[in-house]
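Asks: My questions concern the predicted model and sequence given below.
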Amino acid sequence: MKSKFKKIFAGGLGQLTIPLIAIALLVIFNLIRDPSFFSITFSHNNDGNTIIEGNLISIINGASELAILAMGMTLVTAACRGQDISVGAAAAIAGSVFVKVLKAFSVINPGTVIFAFICSCIVAMLFGCFNGVLVAVFKIQPMIATLILYTCGRSIAYWINGGATPNVKSHILSGIGSFIPGIPIPTPVLIVILMAVIFMLVFRFTSLELLTQSVGINESAAKLNGINSTFIKLLSFIILGVCVCVAGMIGVCRLGLINHETLLIDVEMDTILAVAIGGNNLGGGKFKISGSIIGAYVIQMLTTTLYAMKVSSTDVKAYKAIVIVLLVVIGSPVVKREFDKVVRNMKAKKKSVSKGAAES
Amino acid sequence: MKRFKALAITAVLALTFVLAACGKSGNGSGPIKVGVINNPPSESGYREANVKDMEAVFSAENGYELKTFYSIKNDEQLQAAQGFITEGVDYLLISAAETTGWDEVLTKAKEAGVKVYIFDRKIDVDESLYEAAVISNMAAEGDTAVQWLLDQNLPEYNVIHIQGAMGSDAQIGRTGALQAQFDNGTMHCVVQQTATWDEAEAKNIVESVINSGESFNVIYAENDGMAKGAVAALDEHGITHGVGGQVVVMGFDCNKWALRELKDGAWNYDGQCSPFQAQIISDLIKGVNTTSDKIIINEEKGFDATTITDSDIEKYGLGE
Amino acid sequence: MQTDPLLQMRHIVKIFPGVLALNGVDFTLRRGEIHALMGENGAGKSTLIKVLTGVYPSDGGEIKVDGQVISIKSPQDAQMHGISTVYQEITLCPNLTVAENMFIGREDSVWINRKDYEKRADEILSNLGIPARSTQELGNCSLAVQQMVAIARAVDMRCKVLILDEPTSSLDDKEVNMLFDLMRDLKSKGVGIIFVTHFLEQVYEVSDRITVLRNGELVGEYTVEELPQVELVSKMIGKELGELSSMNEPQDSEAEKKEVFYEAENLSSSDALPFDFKIRKGEVNGFTGLLGSGRSESVRAIFGADKVTGGKVKINGKNVTITKPIEAMRNGIGYLAEDRKRDGIIADLSVRENIILALQVMNGILRPISRSEAESYADEYIKMLNIKTASRETPVGSLSGGNQQKVILARWLLTHPEYLILDEPTRGIDVGTKLEIQKLVLKLAEDGVSVTFISSEIEEMLRTCSRLVVMRDRHIVGELKGSDLNQTKVMQTIAGGESKDEEQI
């Protein structure tokens, strides 16, 4: 029991320690503030489906896009030692293509939705490729390279939409964005699980994880071991492109409209934060996708908590910043080192005490 | 593929301009030369409609030769205005990026005999420098909407107020009237939050109220998109809305799709922010209407779900 | 030479979790002496130095400077007491000027204007005979000069004790001599120098005294005269050197009869001039030459590590194209790179992941090695090569240099190469591991693997190689085998027929 406790503090959970503690603190805080905060109830939505609802569901549901983007971002961060800041803009493009293609058909059926998804996926992957080529081939710093798409992405989405905010109405889309009849869990949550499983399978049945980490930690050595580092980096951006497309699609389906100006606005910074809170080194190298997903939920839980406390949404950002600063500082190597020192001293003291006891 | 699309769009636009230019030169009897300085259509759906309206009204068929310049930068707009004056336009129509810095250019225009109309936004210059300013009154929009809401005679008013980007003209105007009701206690504010025009954020705000279990019966969203986000939250949680529903839904801007929601009875009210100033100015130029007022408030309607007609949607709806 | 002690460390103890890193070590440094601190990796040299420079707090013992007991709690304390360190890796800023580097970050630097400190820097540089100007950008200077600037910086901070930690490992012979001249000059000015190095010859060339550590304990302090090289080595590794000498016989040229595995004609790369080369199965050959002679560049061209620009390559008599490492690997070639940290280890990854890396890459991205397979591979090679690691999941970066090198060797052995290129596999690692690696090379050759072996220590190459390719100024200038394989002949060939520097390596 004691050793288990010790192990957790000595990094048994490794990089997940901080985000898990953060979640635990937020849960405790909310339970004290309002014991019914996490109550979950069954109800019916306007389509007559039985659904579950409550703050917890809102948190998990609301973090879906962020979690999916964070998965892809983790990979890019690991391989390219930098972040893609164009995910929000790229999602706006992907969402716009999705709607554009759907609108080209007179009827919306599963076939056309899948076709539209594939189209927007291809477009998102192409834009991922564009970023990837700048980073992997031309060796431009990821933040600078993706600044280009960050700047112009929403304008491109504007062109696609012809300046309007096109609406699409369909039960299929609301099925993707909210609930599928007969399933009480929000569909975006299911999509997150699906994406996480896909990532797990990819890591299980390919050596992508090892190769990506090698490139991120020591590209020069990776190359000399025959790894095509350009390909690995490009691949990470293309995979992020898929994530962007899925996130964009969820965003569109939630509301049944595409607003290129507001779809997933400012999501890039939250995504990067999710990766960082998840204990991943933003300088690349070793990574844990699970950490980033938890990071996304931490951010969303924080936001939801603040909303529930009726903090003005203009102030939410400031409060978020305070908590995030704390998290990042606590997770920093300096604090970790000091913490280790304290633990070691305590151990040493305990040892000397027990020794003394034994001698006496 | 995307690039191709962009190219195609650019090409089409260019072609339109060329054709338009040809049309004008063919019209021999001296069209009225109009220079329009506006913000770029990419700014918003409102601006897009505004620009289209200008281009439609001041067309060759209507006897105009139109020159346009779009920028969100004031100094670029000033330069363009200077250019239009030098080119010898008859009328200069301005929707300025910033309210200041226009004295010099407008004085030159006056000296050159170019008549100036200001539209959409006011400019801080002496009234003598322009013929008239055709502008929206955002506060009036709010007043109309809140008056409509009061007219519904609800037994109680528990309002979720979703604001636009704080500090924008539209937000200030549309918040004012409702805030007054909150302040004097005629309405109860359940929550007042800004969603910064973001639909998803609006949905989050409403969802957090639903989860908290507080009751509400009015959603006052300061644009259509946020109203739509709010409605999505209602739908997900099985709360009825619109005509005969549990919650009254109010939006602004009169997008066509929003007016259709209204027609379907899913929403209750949509307030107009009219981008259509061109016809008023054209009428003034051609002497169809005359007025001595320097400030002309563009009349803005509010639509009620129970009275809206298809022709309203066609006439006043923005976008497709 | 004055003999009163400048620095005395008495009964220094340092404990790391689970390890007694220093067990009551004594160390004495006198004014105006160069004192070599010797020991295998893990003997406690770096720990002792880190205690002295305040990086680690000591867990016992006392330190006296000029007879005064002092306490050193941080590197700043150490510097205040006149103790300065110049590390193996240059820790200056290459994009600043020499003068800026000498004065940056010093308390007094804020109040000095540029003209003044450039003037002062020039004075110091010329005083010490360092061939650099104060206004030069540091990055444009050679590594040796950069190192000397680091020393000049230390000296100017009124240092009494100068610690040089592996200062020569990236310098060529000429540069080493320049550095030695500087060290002798400082010595004559009364500075006490602690010299840490792996190069035994250099110890004898420049040092006055030697202190040997082993397993965290003091073995003894000796003057250079009373401790011949062979004895030094035996004190360091704690056993007599029968093994070392038994291997010291030129390999017979039996391999001559075997068939050629690899053959290159006019092979060239962005970094290597065209050259011809071939190697037979089971042959151990060496590339030798001074640093910059093109020996590394040539073997990199064989492996496709740099951009290959021309040439014909045959493997087992068949034409092949090798322009990328992966193509070389698929043709059975492995390459252990010269710079272990930069081109070898993936520091944050575990020993297991580092070992399977090359095999995994050859398998391709879609055929991952399963966890259990990887674990058994790792265990097998950890045992076979006697890799000292807490577990197979330990990050490789936390291992000692020699063990890191073994991990990389394991990585390549796991691919079962038919031709293994080892570029400086023994640099910067302890004597014991060096021996193990040499033995391994011979064992591989017995099993029919072709090996190319590169080392800066010619003696080591003479011991292992049956044929030496000698390079000078990026050209192959000779091939030595059989009775020609002796130090004199190698030196002559390297130097171009003249044999004036027989003693120096």
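Replies: Looks like it arrived, so ask away. Because the structure is predicted, anything quoted here is derived from the model rather than measured.

Asks: going forward, measure contacts and count neighbours with C-alpha atoms only.
Replies: OK.

Asks: Quick check: residue C:85 is in a strand.
Replies: Yes. Judged by DSSP: H, G, I helix; E, B strand; the rest coil, residue C:85 forms part of a strand.

Asks: what's across from it in the sheet?
Replies: residue C:163 (DSSP bridges).

Asks: Please name the residues that touch the residue of the stretch 201-350 of chain C found nearest chain B.
Replies: Closest approach between the stretch 201-350 of chain C and chain B, counting by C-alpha to the nearest C-alpha: residue C:324, at 33.3 Å. Counting by C-alpha atoms under 8 Å, 6 or more residues apart in numbering or on different chains, residue C:324 touches A:226, C:303, C:304, C:305, C:306, C:307.

Asks: What about the fifth one, how many residues nearby?
Replies: By that I understand residue C:306. With neighbours defined by other C-alpha atoms under 10 Å in any protein chain shown, the count for residue C:306 comes to 21.

Asks: which SS state does it fall under?
Replies: coil.

Asks: Was I right to think it contacts residue C:270?
Replies: Yes. With contact defined as C-alpha atoms under 8 Å, residue C:306 reaches residue C:270; the gap is 6.4 Å.

Asks: residue ranges with poor pLDDT in the stretch 201-350 of chain C?
Replies: C:237-256, C:291-292 (pLDDT under 70).

Asks: quick revisit: any chance of the backbone angles for the residue of the stretch 201-350 of chain C closest to chain B?
Replies: For residue C:324, the backbone dihedrals are phi -130, psi 150 (criterion: degrees, to the nearest 10).

Asks: Same check on residue A:286?
Replies: phi -60, psi 140.

Asks: neighbours around it, how many?
Replies: 22.

Asks: how near is it to chain B?
Replies: Going from residue A:286 to chain B by C-alpha to the nearest C-alpha, to the nearest Å gives 33 Å.

Asks: dump the residue contacts of that residue.
Replies: Contacts of residue A:286 by C-alpha under 8 Å, 6+ apart are A:78, A:213, A:216, A:217, A:280, C:348, C:349.

Asks: Dump those residues to TSV, plus distance to chain B.
Replies: Shown next, in TSV, are the contacts of residue A:286 (distance: C-alpha to the nearest C-alpha, whole Å):
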residue	distance to chain B
A:78	29
A:213	32
A:216	31
A:217	35
A:280	28
C:348	40
C:349	40
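
Asks: Generate a PyMOL selection restricted to the buried subset of the contacts of residue C:324.
Replies: Those of those that count as buried under 16 or more other C-alpha atoms under 10 Å in any protein chain shown are selected in PyMOL with:
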select buried, (chain A and resi 226) or (chain C and resi 303+304+305+306)
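
Asks: Residue ranges of each domain in chain A, please.
Replies: Following automatic domain parsing, one gets these domains for chain A: A:14-38+A:50-310, A:312-352.

Asks: Which one of those lies nearest to residue C:66?
Replies: For these, the distance to residue C:66 is smallest for domain A:312-352, at 32.6 Å, taking C-alpha to C-alpha.

Asks: I'd like the next helix or strand past the one helix or strand in chain C whose mean pLDDT sits lowest.
Replies: The least trusted helix or strand in chain C, going by mean pLDDT, DSSP states H and E, turns out to be helix C:242-246, with a mean of 46. Next in sequence after helix C:242-246, counting helices and strands by DSSP states H and E, comes strand C:260-269.

Asks: SS state for residue C:451?
Replies: Residue C:451 is classified as strand under three-state DSSP.

Asks: doesn't residue C:287 make contact with it?
Replies: No. Using C-alpha under 8 Å, residue C:451 is not in contact with residue C:287, being 10.9 Å away.

Asks: If you count surrounding residues, which of the two has more?
Replies: residue C:451 (28 against 25).

Asks: now that we're looking at the more buried one, which residues does it contact?
Replies: Contacts of residue C:451 by C-alpha under 8 Å, 6+ apart are C:282, C:283, C:284, C:285, C:419, C:420, C:421, C:422, C:441, C:444, C:445.

Asks: Quick check, residue A:308 in contact with residue B:210.
Replies: No. Using C-alpha under 8 Å, residue A:308 is not in contact with residue B:210, being 10.0 Å away.

Asks: Residue of the stretch 151-300 of chain A closest to chain B, please.
Replies: residue A:262 (5.1 Å).

Asks: Now that residue: which helix or strand?
Replies: Assigned by DSSP H and E, residue A:262 falls outside every helix and strand.

Asks: so what pLDDT did it get?
Replies: On pLDDT, residue A:262 comes in at 88.

Asks: Same question for residue B:274.
Replies: pLDDT at residue B:274 comes out at 85.

Asks: Spatially nearest residue to it (excluding sequence neighbours)?
Replies: residue B:300 (6.0 Å; C-alpha to C-alpha, 6 or more residues apart in numbering or on different chains).

Asks: and the one you found, how many neighbours?
Replies: Close neighbours of residue B:300, defined as other C-alpha under 10 Å, add up to 19.

Asks: wait, it sits on residue B:141?
Replies: Yes. Between residue B:300 and residue B:141 a contact is recorded at 7.0 Å, counting by C-alpha under 8 Å.

Asks: In the chain, where is pLDDT below threshold?
Replies: Just going to use chain A. For chain A, the stretches with pLDDT under 70 are A:1-13, A:351-360.

Asks: could you do chain B instead?
Replies: Along chain B, the model assigns pLDDT under 70 to residues B:1-29.

Asks: Buried deepest among the domains of chain A, which one?
Replies: Highest mean neighbour count among those (mean count of other C-alpha atoms under 10 Å in any protein chain shown): domain A:14-38+A:50-310, with a mean of 22.

Asks: Now for the closest residue in space to the residue of the stretch 151-300 of chain A closest to chain B that isn't next to it in sequence, how many residues are close by?
Replies: Computed as C-alpha to C-alpha, 6+ apart, the closest residue to residue A:262 that is not its neighbour in sequence is residue B:198, at 5.1 Å. Number of residues near residue B:198 (other C-alpha under 10 Å) recorded here: 23.

Asks: What sits closest to residue A:136 if chain neighbours are left out?
Replies: residue A:230 (5.0 Å).

Asks: what do you get for residue B:197?
Replies: residue B:164 (4.9 Å).

Asks: now residue A:110
Replies: Closest residue in space to residue A:110, ignoring its immediate chain neighbours: residue A:172 at 7.0 Å, by C-alpha to C-alpha, 6+ apart.

Asks: wait, that neighbour sits on residue A:107?
Replies: No. With contacts counted by C-alpha under 8 Å, residue A:172 stays clear of residue A:107, the gap being 11.3 Å.

Asks: Please identify every residue contacting each of these two.
Replies: Counting by C-alpha under 8 Å, 6+ apart, nothing touches both residue A:172 and residue A:107.

Asks: Mind listing what's buried along stretch C:307-317?
Replies: For stretch C:307-317, by 16+ other C-alpha under 10 Å, it's C:308, C:309, C:310, C:311, C:313, C:314, C:315.

Asks: closest to residue A:178 among those residues?
Replies: residue C:308 (56.3 Å).

Asks: what sits against the nearest residue to the closest one once chain neighbours are set aside?
Replies: Among residues not flanking residue C:308 along the chain, residue C:269 sits closest, at 4.0 Å (C-alpha to C-alpha, 6+ apart). Shown in contact with residue C:269 (C-alpha under 8 Å, 6+ apart): C:301, C:306, C:307, C:308, C:309, C:310.

Asks: Pull up the gap between residue C:269 and residue A:344, please.
Replies: Between residue C:269 and residue A:344 the computed distance is 53 Å (C-alpha to C-alpha, to the nearest Å).
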